[in-house]
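Enquirer: turn this into a structure:
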Amino acid sequence: MIPHTTYIGSVGFLLDSYREGSVSRGSGNDIVEEIKNRANIVDVIGRVVNLKKAGSNYKGLCPFHNEKTPSFIVSEEKQIFTCFGCGESGDVISFVEKYNNLDFKGACELLAGEYGIEMDASFGGNPRKKELHEVNRLAARFFYRALREKANPAYTYMKGRGISEETMNSFGIGYADGQWDSLIRALEAQGIKRDTLIEVGLATSSGGRVYDKFRDRVIFPIINTGGKVIGFGGRILGDGTPKYLNSPESIVFQKKNNLYGLNLTGREVKKADRIILVEGYMDVISLYQAGVRNVAASLGTALTENQATLIKRYTKNVVLSYDADEAGQNAAMRGTDILYQADCQARVLRVTDGKDPDEFIQSQGREAFDQLVENAQAYGDFKIRRFREKYDLADEQQRLAFLREMITELRKMKPMEADLYIRKVAEETGISERAIRMEYSVADPVGADRPAPMRREEVSGPRGIPAEDLILLKLMLLDERFVALPEDIARSMERNDDIAPLWQMIRDYTGHRPVTAQSLGDDVDLQPLLERIDREMIPAGKEEQTYRDCIAFARKRELTRRDREITDRLTLADGQIPDEEMNALMREQAEIQRKLKGQGESK
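Expert: Here you go, the predicted structure:
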């Protein structure tokens, strides 16, 4: 017998659709209120945060930012939570939204499922999708039982691959036998029509005959982050083809929107602030079993923009661990571009000896794999390596071809990164940095790939000067149009002793352009700074876009600085701030966080 489980995140399909005592409500608002009434916020948060009684409230370490002193308060009376460290607050639904990286509807669905509350179409759901999810859940239960009820080749295969029973249970691994209609007969007995099985991709028809789509295969249920079974992958047992068979696209299954295993590993991804993205089901399962829990797979397809957006809900740090063959490395090339455009920090791991991650960790162990992760190549270094392998740099023509390809890649990069990799390309080719910079700075032809608008967090240059300030100074030196900075950015420049003297001289200087050390009075102290500014690169024709981006980054930096100041003030106050002042600070902080959130959503 299969033991009862309530773990919705991985094998929730073992549960009945709704537990005994489930209720239905006639409107979306009623459902939300029912969820809030039945889901006690202390119980829900207490599952993941160690809460201790503190007067009439509960207190613990905030799960949304790192802290050593508890500032996270939960009120059972008001059914709300507040963190005085990072400013997060809300009710039980908003907590589940943020903690599980779900939208409002997804959080409601998760809580409704756990507390036996039926969500009907009036909430905004699609009745047909709900029906197909239920069909998939029943199929997953059927496959799950088939793997465990009697001896079968799928169980033998998985054990032979070194996969434990516990891991198989975590991923809900199942078995489709070799019969033509085992699943059809089982689900028809539960009232499921054959047309529905065909629609969801569990059955197929040919020559007037309907038969099971998955036969003689290990079954990998694909579960979304809301705990719904949306599709299946099946690995052939024996020498048949195709080796892997996946559910077709349907209204409940779009590969481009999902990642395999993330329903189980999402919290670990968030905790590690890094995801390891692999190609296959077995890669995820083997790494997970070995203790590498921040892992997911892209469902056998090239990484998509939607998947990159999904990843960003958990982390911006991505390590691509694709197969070492040509197809895998080409997929990594495309993947790094998509991640870069999504403002993720992409690195590429290369498994040695041509092995895939599954084979490597099985033979070499976790420590060796962790070392590969730490040595993963940054986006630009990976590009250089791939093009270096493509061309013979000892040949003059091929060296120029290598350079042309790299210039195209450099133009896609943010200016600071391009500056770094121009130096590396110069070292690789023996061509001077100056020549490469000149080529890079030539306006790209109409229709060619253009550099994306800059999107970077605050990065400090020499002597604590933010990179965006250096670029702004260069723009001002080149063109008077850029001297009239917004008032808040001008104030931030005046506060930085390293650049304030130069900024004031540029602001007050009314002579010719460009400004040089000589035109500014031959101030020797300024010359190193001017030389550093001169090395900053601004793509030709992109001056105004670069200016707007730098202003946005500087503004975000200043908002973040003030947010920290207020947090420190409130944290250290210990009740010593008058109520009026405290309320004003909290209102200001709320407005700052609204602006910061708005900047993040606009990217």
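Enquirer: surely residue 489 meets residue 557?
Expert: No - under the criterion of CB atoms under 8 Å, residue 489 is not in contact with residue 557, lying 9.5 Å apart. For the C-beta atoms, the positions are set from N, CA and C on the backbone; glycine is no exception.
Enquirer: other SSEs contacting the helix or strand harbouring residue 31?
Expert: Under the criterion of DSSP states H and E, residue 31 resides in helix 28-38. Contacts defined by 3 or more CB pairs under 8 Å, 6 or more residues apart in numbering; DSSP states H and E place helix 28-38 against helix 92-100, helix 104-114, strand 117-118.
Enquirer: dump those to TSV, plus mean neighbour count and mean pLDDT.
Expert: Below are the helices and strands packed on helix 28-38 laid out as TSV (neighbours: other CB atoms under 10 Å; pLDDT from 0 to 100):
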stretch	mean neighbour count	mean pLDDT
helix 92-100	20	90
helix 104-114	20	83
strand 117-118	20	72
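Enquirer: just the CA coordinates for the helix holding residue 31, please, in CSV.
Expert: What follows is the C-alpha trace of helix 28-38 in CSV, where atoms were taken according to Å, rounded to 0.1, in the frame of the first residue of the first chain:
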residue,chain,number,x,y,z
GLY,A,28,-14.3,34.9,-5.4
ASN,A,29,-14.5,37.2,-2.4
ASP,A,30,-16.3,34.6,-0.4
ILE,A,31,-13.5,32.1,-1.1
VAL,A,32,-10.8,34.5,-0.1
GLU,A,33,-12.6,35.3,3.2
GLU,A,34,-13.0,31.5,3.8
ILE,A,35,-9.3,31.0,3.2
LYS,A,36,-8.5,33.8,5.7
ASN,A,37,-10.9,32.4,8.2
ARG,A,38,-9.7,28.8,8.1
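Enquirer: tell me the angle that helix makes with helix 92-100.
Expert: Orientation note: helix 28-38 sits at an angle of 80 degrees relative to helix 92-100 (axes from the mean of the first three to the mean of the last three CA atoms, to 10 degrees).
Enquirer: tell me the first helix or strand C-terminal of helix 28-38.
Expert: Taking DSSP H and E as the definition, the helix or strand that follows helix 28-38 towards the C-terminus is helix 41-46.
Enquirer: what does the helix or strand just after that next one contact?
Expert: With elements assigned by DSSP H and E, the helix or strand that comes after helix 41-46 is strand 52-54. The list of residues contacting strand 52-54 from outside it, by CB atoms under 8 Å, 6 or more residues apart in numbering, reads 58, 59, 60, 70, 73.
Enquirer: recalculate using a threshold of 6 Å.
Expert: Contacts with strand 52-54, where a contact means CB atoms under 6 Å, 6 or more residues apart in numbering, come from residue 59.
Enquirer: offset the numbering so it begins at 59, please.
Expert: Understood, numbering begins at 59; the last thing we discussed is strand 110-112.
Enquirer: confidence score at residue 598?
Expert: Looking at residue 598, its pLDDT stands at 70.
Enquirer: verify the contact between it and residue 499 for me.
Expert: Yes - look at residue 598 against residue 499 with CB atoms under 6 Å: they come within range, at 5.1 Å.
Enquirer: count of residues packed around residue 313?
Expert: Neighbours of residue 313 under the rule other CB atoms under 10 Å: 21.
Enquirer: let me fix that, I meant to ask about residue 349.
Expert: In terms of burial, residue 349 registers 12 neighbours under the definition other CB under 10 Å.
Enquirer: isn't there a strand covering it?
Expert: No - the secondary structure assignment for residue 349 gives coil rather than a strand, going by DSSP: H, G, I helix; E, B strand; the rest coil.
Enquirer: spatially nearest residue to it (excluding sequence neighbours)?
Expert: The shortest distance from residue 349 to any residue other than its chain neighbours is 5.3 Å, reached at residue 424 (CB to CB, 6 or more residues apart in numbering).
Enquirer: just the pLDDT at the one you found, thanks.
Expert: The pLDDT attached to residue 424 in the predicted structure is 94.
Enquirer: that one contacts residue 346, correct?
Expert: No - in terms of CB under 6 Å, residue 424 does not count as a neighbour of residue 346; the distance is 11.0 Å.
Enquirer: the more surrounded of those two?
Expert: With neighbours defined as other CB under 10 Å, residue 424 and residue 346 compare such that residue 346 has more, 22 against 13.
Enquirer: packing partners for whatever helix or strand that one lives in?
Expert: For residue 346, the host element (DSSP H and E) is helix 339-347. Using 3 or more CB pairs under 6 Å, 6 or more residues apart in numbering; DSSP states H and E as the contact criterion, the elements in contact with helix 339-347 are strand 353-355, helix 415-422.
Enquirer: and the last one, what's buried?
Expert: Of all the residues in helix 415-422, those buried under the rule 16 or more other CB atoms under 10 Å are 415, 416, 417, 418, 419, 420, 422.
Enquirer: dump it to CSV, restricted to CA.
Expert: Included here for helix 415-422 are C-alpha records, laid out as CSV according to Å, rounded to 0.1, in the frame of the first residue of the first chain:
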residue,chain,number,x,y,z
PRO,A,415,25.5,16.0,-14.7
ASP,A,416,23.7,12.7,-13.8
GLU,A,417,26.7,10.6,-14.9
PHE,A,418,29.2,12.9,-13.3
ILE,A,419,27.7,13.1,-9.9
GLN,A,420,27.0,9.4,-9.8
SER,A,421,30.7,8.6,-10.5
GLN,A,422,32.5,11.6,-8.9
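Enquirer: output stretch 460-478 as CSV, nothing but the C-alphas.
Expert: Output for stretch 460-478, consisting of C-alpha atoms alone and laid out as CSV, is shown next (Å, rounded to 0.1, in the frame of the first residue of the first chain):
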residue,chain,number,x,y,z
PHE,A,460,36.8,35.5,-34.2
LEU,A,461,37.1,39.2,-33.5
ARG,A,462,34.1,40.1,-35.6
GLU,A,463,31.9,37.5,-33.7
MET,A,464,33.2,38.8,-30.4
ILE,A,465,32.5,42.5,-31.3
THR,A,466,28.8,41.4,-31.9
GLU,A,467,28.7,39.9,-28.5
LEU,A,468,30.5,42.9,-26.9
ARG,A,469,27.8,45.2,-28.2
LYS,A,470,25.2,43.2,-26.4
MET,A,471,27.0,43.7,-23.1
LYS,A,472,26.7,46.4,-20.5
PRO,A,473,29.5,49.0,-20.9
MET,A,474,31.5,47.9,-17.9
GLU,A,475,31.4,44.3,-18.9
ALA,A,476,32.3,45.1,-22.4
ASP,A,477,35.3,47.1,-21.1
LEU,A,478,36.5,44.0,-19.2
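Enquirer: can you list the low-confidence ranges for the stretch 159-308 of the chain?
Expert: 174, 176, 178-183 (pLDDT under 70).
Enquirer: which residue ranges of it form helices?
Expert: For the stretch 159-308 of the chain, the helices defined by DSSP state H, counting those that start in this stretch occupy 162-172, 185-207, 211-218, 223-229, 240-246, 252-258.
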